[in-house]
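Colleague: Sequence and computational prediction follow.
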Amino acid sequence: MGERNNINLMNDGIYLYSHWEDKESLKEILKQALIRGKDRWKDRQYLNRIIFSEMIKNNVLDNTGYGLSSELYDGDVCFDVDVDKNEVNGISFIEFIMETYLIEYTDIRGNVYIKDIKASSVLDAQKKFLQTINKKKEYLLTSVSSY
């Protein structure tokens, strides 16, 4: 029972274990940690703690659910974090954080348009979209999805 996934902090040989987070949830946690810790991307000891703190922030006093280890004991490694290179799974932190969202919107005449926006989340994509159009009331945001 449980998902059993890990983040490998490669430079320090530390595995951050999550019993319950699926890969997509763990990816979002890691993205949020990298965004929050952007000013510490070159400070391994701080960034490592920021990543783990983001993982356990809602369960800090629980005795189960998360762990730290110098060896991989249980589950899969979903994300290899190389702080020295600022990479996750071989891609830059920036590329890992930013995803391409497909924004579909309709103007007041019923014309449907699709736009690609790079953003860190669906809400961020929506905000960026609204910033790109001049007259917000002339458009109806139909859907947002990542690809």
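Modeller: Ah, there it is. Quick caveat: nothing in here was measured; it's all calculated off a predicted structure.

Colleague: Surely residue 7 is within a strand?
Modeller: Yes - counting by DSSP: H, G, I helix; E, B strand; the rest coil, residue 7 is found in a strand.

Colleague: and the closest residue to it other than its chain neighbours, which of the three is it?
Modeller: Among residues not flanking residue 7 along the chain, residue 16 sits closest, at 4.3 Å (CB to CB, 6 or more residues apart in numbering). Backbone N, C-alpha and C define where each C-beta goes, glycine included. When classified by three-state DSSP, residue 16 comes out as strand.

Colleague: how many other residues sit next to residue 16?
Modeller: 25 (other CB atoms under 10 Å).

Colleague: What segments of this protein are strands?
Modeller: Remark: strands assigned in the chain by DSSP state E are 5-9, 14-18, 66-69, 76-82, 87-88, 91-92, 99-107, 112-119, 139-146.

Colleague: Using JSON lines, lay out those together with mean pLDDT and distance to residue 28.
Modeller: Formatted as JSON lines, those follow (pLDDT from 0 to 100; distance: least, CB to CB, whole Å):
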{"stretch": "strand 5-9", "mean pLDDT": "96", "distance to residue 28": "12"}
{"stretch": "strand 14-18", "mean pLDDT": "96", "distance to residue 28": "12"}
{"stretch": "strand 66-69", "mean pLDDT": "95", "distance to residue 28": "15"}
{"stretch": "strand 76-82", "mean pLDDT": "94", "distance to residue 28": "11"}
{"stretch": "strand 87-88", "mean pLDDT": "96", "distance to residue 28": "13"}
{"stretch": "strand 91-92", "mean pLDDT": "91", "distance to residue 28": "16"}
{"stretch": "strand 99-107", "mean pLDDT": "71", "distance to residue 28": "11"}
{"stretch": "strand 112-119", "mean pLDDT": "72", "distance to residue 28": "13"}
{"stretch": "strand 139-146", "mean pLDDT": "59", "distance to residue 28": "11"}
